[in-house]
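Asker: Provided below for reference: sequence and predicted model.
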Number of protein chains: 2
Amino acid sequence: LKVRDLGEQGLLRLLQTFCPADVVGDDAAVLETQPGLSLVVTSDVLVDGVHFSDRTTSPADAGWRAAAVNLSDLAAMGAQPLGITLGLGLPPETPVAWVEGLYQGLVECLRAYGTVIVGGDICRSPVLTLAVTAFGQVAPGRVLRRSQAQVGDAILVTGPHGYSRAGLELLLNPDSLPPTLTHTAALIRAHQRPCPRLDVLPFLPPGRIAGMDSSDGLADAVIQICRASGVGAELWGDRIPYAHLAPLGPTGLDWALYGGEDFELVLCLAPAAAADLLQRLGPNAAIIGTIVPGANVTLIPAPASATISATPDAIPLTLERGFQHFQ
Amino acid sequence: LKVRDLGEQGLLRLLQTFCPADVVGDDAAVLETQPGLSLVVTSDVLVDGVHFSDRTTSPADAGWRAAAVNLSDLAAMGAQPLGITLGLGLPPETPVAWVEGLYQGLVECLRAYGTVIVGGDICRSPVLTLAVTAFGQVAPGRVLRRSQAQVGDAILVTGPHGYSRAGLELLLNPDSLPPTLTHTAALIRAHQRPCPRLDVLPFLPPGRIAGMDSSDGLADAVIQICRASGVGAELWGDRIPYAHLAPLGPTGLDWALYGGEDFELVLCLAPAAAADLLQRLGPNAAIIGTIVPGANVTLIPAPASATISATPDAIPLTLERGFQHFQ
């Protein structure tokens, strides 16, 4: 059965079964907000062949990832989700089962984080396109902004990095990886079912915290925070958590820094508060460096072999190494 | 200059100049809401060649329309806008000037209604795609729902219908139209620069009002309201406002009923309240019929020549005549 066979109205009826009945079916969704909280809004567009592919991503995984990417942006602002809208551009030949799979994965992720699809739009398109907008709420004093890092802050990551990149490689080129690489199922899962770190928010201490997510890579996140805050950073290579990638040698650290799509939070806060938070978050989190004066972002490798440094001029380091569209 | 030449970061910097500086640049936008109001959210996806085309739509008009479509959905819920997000899928060969034109038209429409772009996403796509999500606010007791029409209600439209369809024809096949057709600039403008009727909201009386917008056609709007409310309707052909289309004969009424994209509001409310509202809205608004028991939506033509009726089975009347995707 193709989307063409079901038609717009038939497909809408099918997809509305994935949404709360009292919210969908009018020109727009109406949601109750809590008094005193700010509204947080974020959008992502995902395109077949660019952001997902049948080679590596089932429809359910594409749906999960579409939700996770946006929930992670809410987490990166300190916000808990209220709901998402999903705009869908579909070639008429798309199997209906593909669309159902997409919605199943998407709703599965949303359910895991206590939220729902509240609306959307479907239309014909030559290429399968997902446009997700997520909205959430946060107390004004609890917003995590990129611009609030201060010299002396500890840099804390909520989990390991590089695993999503390794999972992608396992799916695309498994033979290129050493047989000593273990935890392969966990690495693939890190790529297919990333977990936005909304669970971290209740543990955050009150007071100033700078933060963003590491969706575009750990190096990118640190550089973006530093640029927005007018500070530099020193990262300690032996503290960056990527234990499962140890068999890969230097490539492990490279993927941890530049692989992207790990969807952890990168937080900058006072060292004592960071140490407290680290205890609450458990062994997967780590303090990986410190905020320093100036504008350089420097990596200090474990046994001191080489130094990668990014001066203000070297912010293109991200542009060269991170995922860039249009190029 | 192509999007490819500017790159993702360059394009983002350019597009952020169209957004309020204090809102964009973080993982998500943070907006203040007013206490006691409900949040209203709506999304649309617009695809090049499906929803707009260089033959009929300049980039600025495509931007205006993308904003207008979504603001109209807010108006159709009774909500005033807080902001929009814009997701953009772009072929790398897209001229940067096209994207700038799009944003100019979009921001022009938003400014006319006192709102702004608060965020978005850009990515590579084989086909130019716009995904707009608009959010607004409404007092809980002032929500316009489709399901609230009652027998005896007057059916009021806030303006003329069929003009957008006529404007499209003027752009595509001007020679097919009779030379007696005047107001052609106004008709083309109705297609290229439709005006969401947010201006109507302050004039709405308190109390129950059913409503939606006529973006998918006037007949569709009446049928959707009737279906959601479990009622029927009688429309009076000689009251439906489409004066500029008189030279077209029966085609004028046909386009008024089925042309679509007029973005007026179709409201059902008690006759006395409707008469008051009509006076406030001026001569372009009209009371075009009444809500009746049953499920039939019937047109009573002006000098009584023919009757178009839609029984519950005939809801496919909309499906056959209105704009349908995938078919």
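Answerer: Received it, and whenever you're ready, just let me know what you need.

Asker: Show me the shaky parts of chain A.
Answerer: Along chain A, segments meeting pLDDT under 70 span A:302-327.

Asker: Okay, strands next: where are they in it?
Answerer: A:29-31, A:38-47, A:80-90, A:117-124, A:129-138, A:154-157, A:210-213, A:232-236, A:265-269, A:286-292, A:297-300, A:308-310 (DSSP state E).

Asker: Report how many residues lie close to the closest residue to chain B within the stretch 151-300 of chain A.
Answerer: Here the stretch 151-300 of chain A gets closest to chain B at one residue, residue A:212, 5.3 Å apart by Cβ to the nearest Cβ. For the C-beta atoms, the positions are set from N, CA and C on the backbone; glycine is no exception. Residues contacting residue A:212 under the criterion other Cβ atoms under 10 Å in any protein chain shown number 27.

Asker: what sits against it?
Answerer: Residue A:212 makes contact with A:76, A:144, A:146, A:221, A:224-225, A:265-266, B:26-27, according to Cβ atoms under 8 Å, 6 or more residues apart in numbering or on different chains.

Asker: and if you look at residue A:60?
Answerer: A:101-102, A:104-105, A:108.

Asker: tell me which of those is nearest to chain B?
Answerer: Using Cβ to the nearest Cβ, these come closest to chain B at residue A:102, 14.5 Å.

Asker: hmm, back to that, residue B:182: which of the strands of chain A is closest?
Answerer: strand A:117-124 (34.2 Å; Cβ to Cβ).

Asker: correct me, but residue A:281 touches residue A:197?
Answerer: No - Residue A:281 lies out of contact with residue A:197 (Cβ atoms under 8 Å); the separation is 9.3 Å.

Asker: list the residues that contact both of the two?
Answerer: By Cβ under 8 Å, 6+ apart, the residues touching both residue A:281 and residue A:197 are residue A:158.

Asker: near chain B too, which of the contacts of residue A:60?
Answerer: Near chain B, judged by Cβ under 8 Å from any Cβ of the partner chain, there are no entries from these.

Asker: Now list the buried members of these.
Answerer: A:101-102, A:104-105 (16 or more other Cβ atoms under 10 Å in any protein chain shown).

Asker: Roughly how far does the residue lying closest to residue A:241 once chain neighbours are set aside sit from residue A:243?
Answerer: Distance criterion Cβ to Cβ, 6 or more residues apart in numbering or on different chains; nearest residue to residue A:241, sequence neighbours excluded, is residue A:160 at 4.3 Å. Going from residue A:160 to residue A:243 by Cβ to Cβ, to the nearest Å gives 7 Å.

Asker: quick one, which of those two is more surrounded?
Answerer: residue A:160 (23 against 11).

Asker: How much space separates that one from residue A:118?
Answerer: 33 Å.

Asker: Any figure for the gap between the spatially closest residue to residue A:109 that is not a sequence neighbour and residue A:115?
Answerer: Spatially, and ignoring its direct neighbours in sequence, residue A:109 is nearest to residue A:67 (3.9 Å; Cβ to Cβ, 6+ apart). Using Cβ to Cβ, residue A:67 is found at 9 Å from residue A:115.

Asker: Grab the most central residue of chain A for me.
Answerer: residue A:263 (3.2 Å; Cα atoms, centre = their mean).

Asker: in chain A, which spans are helices?
Answerer: A:3-16, A:59-76, A:96-112, A:163-172, A:184-192, A:218-229, A:250-258, A:271-281, A:316-321 (DSSP state H).

Asker: In a markdown table: those, plus distance to residue B:96.
Answerer: Below are the helices of chain A laid out as a markdown table (distance: least, Cβ to Cβ, whole Å):
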| stretch | distance to residue B:96 |
| --- | --- |
| helix A:3-16 | 33 |
| helix A:59-76 | 26 |
| helix A:96-112 | 32 |
| helix A:163-172 | 31 |
| helix A:184-192 | 33 |
| helix A:218-229 | 24 |
| helix A:250-258 | 28 |
| helix A:271-281 | 42 |
| helix A:316-321 | 18 |
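
Asker: Out of those, the one nearest residue A:129 is which?
Answerer: Closest to residue A:129 of those, according to Cβ to Cβ: helix A:59-76, at 10.7 Å.

Asker: Quick check: residues of the stretch 51-200 of chain A near chain B?
Answerer: A:51, A:73-74, A:76-77, A:79, A:82-83, A:85-90, A:92, A:118-127, A:129, A:131, A:133-136, A:138, A:143, A:145-147.

Asker: Buried ones among those?
Answerer: A:51, A:73-74, A:76-77, A:79, A:82-83, A:85-90, A:92, A:118-127, A:129, A:131, A:133-136, A:138, A:143, A:145-146.
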